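# Okay, sequence plus prediction incoming.
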Amino acid sequence: MLDISIEIISIISFIVGVFFILTGSIGLMRLPDVFSRIHAAGMIDTAGASFIILGMILQDRKSTRLNSSHRCISYA
């Protein structure tokens, strides 16, 4: 049951991350001036990449059975 919930949270995290990156890319093309474009790229794409990394961390924790201290060191 826990594996299924981690899988669902991971997939949702991937979807949200891809949505944020696509939204930031559209903002780069549609916004009028350079400062608005920098803001769209800096804020939204960083959030998208963070959600994708969170999804990958959840996938890795599900697939490997390492102790928690090794995980903290490897993701730091």
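Alright, I've got the coordinates. What you are looking at is a predicted structure, and each value in this text was computed from that prediction instead of being measured.
# check which helix or strand covers the residue most central in space within the chain.
Centroid-nearest residue in the chain: residue 51, 1.8 Å away (criterion: Cα atoms, centre = their mean). Assigning secondary structure by DSSP states H and E places residue 51 in helix 34-63.
# Output the contacting helices and strands for that helix.
Secondary-structure packing of helix 34-63 (3 or more Cβ pairs under 8 Å, 6 or more residues apart in numbering; DSSP states H and E): helix 2-30. Quick note: C-beta positions are derived from backbone N, CA and C, even for glycine.
# Check the offset of the helix it packs on from the chain's centre.
6 Å (Cα atoms, centre = their mean, to the nearest Å).
# between it and helix 34-63, how big is the angle?
Helix 2-30 runs at 160 degrees relative to helix 34-63, counting by axes from the mean of the first three to the mean of the last three Cα atoms, to 10 degrees.
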